[in-house]
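In: Provided below are the primary sequence and the corresponding predicted coordinates.
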Amino acid sequence: MTLEKEHQCLVEKNIALLGSDTDVHSLSRIWSRETNRYGYTYNFFWQGRPIIQYPQDIMAMQEIIWEVRPDLIIETGIAHGGSLIFSASMLALLDMADAIAAGESIDPAISRRKVLGIDIDIRAHNRRVIEAHPMASRIEMLEGSSIDPDIITLVHHVAKKYRKILVCLDSMHTHDHVLSELEAYGPLVSTGSYCVVFDTLIEDMPGDMFPDRPWGPGNNPKTAVWEYLKTHHEFKVDRCIQNKLLITVAPDGFLRKNK
């Protein structure tokens, strides 16, 4: 057995043990609940922009993007743009890795890969900073509701030009909205790629944690995922990811498309 294979076996054993340890999972939920009261996810930046994610989820997305090697990443929900810039920077690394492997030189500002971000309200100052960022050449933004039929049609039109597509849903967190997003964008996910549904953690948090929001336990991205999976057997929850992370806003939200 090679050292690499031996390490992989060790990791798989660790993940399996962590996945079956209910005490550890309970501690993770308590940790998430208590740190959420302090806006913990707001503490982090990616290349200068607020990303509003757990560091563990950022690492998971890095692993997914490296494995899938998408040429298009579709993201609903832009906020400050940190996630768009993270994805664009990962696509830039894929471009560089491809060029090194092929022994080619590239213009780093030109890429066949793209991040397509959708948000119902792209604030002017956020748009201005995103468009001025060094990663901007790989980013396209659409303003409008992610479940507006015109926006859906436009996204599908853009997607026709790409072969390997990854989708991330992180806009309005109500059950109906996320279920509509899954129906709209799930078909675009390439086989072997992922649809990542963020903030499924809401289902596991106390009901009084989101007093000024239309979502909460029983009405959130996780309940939408559960509903969607009843009729979309081409997707399966990749629980290895959440069992590895332990701290994640997306339990049951890493959906791998297997066929």
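Out: Nice, thanks for sending it over.
In: the closest residue in space to Ile65 that isn't next to it in sequence - how many residues pack around it?
Out: Among residues not flanking Ile65 along the chain, Met90 sits closest, at 4.5 Å (C-beta to C-beta, 6 or more residues apart in numbering). For every residue, glycine as well, the C-beta is placed using N, CA and C. Met90: 23 surrounding residues under other C-beta atoms under 10 Å.
In: and Met90, how close does it get to Thr2?
Out: 27 Å (C-beta to C-beta, to the nearest Å).
In: spit out the contact partners of the residue nearest to Ile65.
Out: Met61, Gln62, Ile65, Trp66 (C-beta atoms under 8 Å, 6 or more residues apart in numbering).
In: show the pLDDT at the second one.
Out: Put plainly, it is Gln62. According to the per-residue confidence, Gln62 scores 98 in pLDDT.
In: now the closest residue to it other than its chain neighbours: how far from Arg256?
Out: Leaving aside its sequence neighbours, Gln62 sits nearest to Met90 (C-beta to C-beta, 6+ apart; 6.4 Å). For Met90, the distance to Arg256 equals 18 Å [C-beta to C-beta].
In: ok, Pro70 next?
Out: 13 Å.
In: ok, the two, which is more surrounded?
Out: Neighbour count, other C-beta under 10 Å: between Pro70 and Arg256, Pro70 has more, with 26 against 20.
In: show the contacting residues for that one.
Out: Pro70 is in contact with Leu91, Arg113, Tyr162, Lys164, Ile165, Leu166, Ser190, Ser193, counting by C-beta under 8 Å, 6+ apart.
In: 7 Å - rerun?
Out: Listed by C-beta atoms under 7 Å, 6 or more residues apart in numbering, the contact set of Pro70 reads Lys164, Ile165, Leu166, Ser193.
In: report pLDDT for the residue nearest to Gln62.
Out: Reported pLDDT for Met90: 98.
In: tell me which other helices or strands the worst-scoring helix or strand of the chain on mean pLDDT touches.
Out: Within the chain, confidence by mean pLDDT, DSSP states H and E is lowest for helix 3-19 among all helices and strands, at a mean of 89. Contacts defined by 3 or more C-beta pairs under 7 Å, 6 or more residues apart in numbering; DSSP states H and E place helix 3-19 against helix 239-245.
In: residues in contact with the next helix or strand after the helix it packs on?
Out: Going down the chain from helix 239-245, the next helix or strand is strand 254-257, by DSSP states H and E. For strand 254-257, contacts defined as C-beta under 7 Å, 6+ apart pick out 189-197, 225, 234-238, 241-242.
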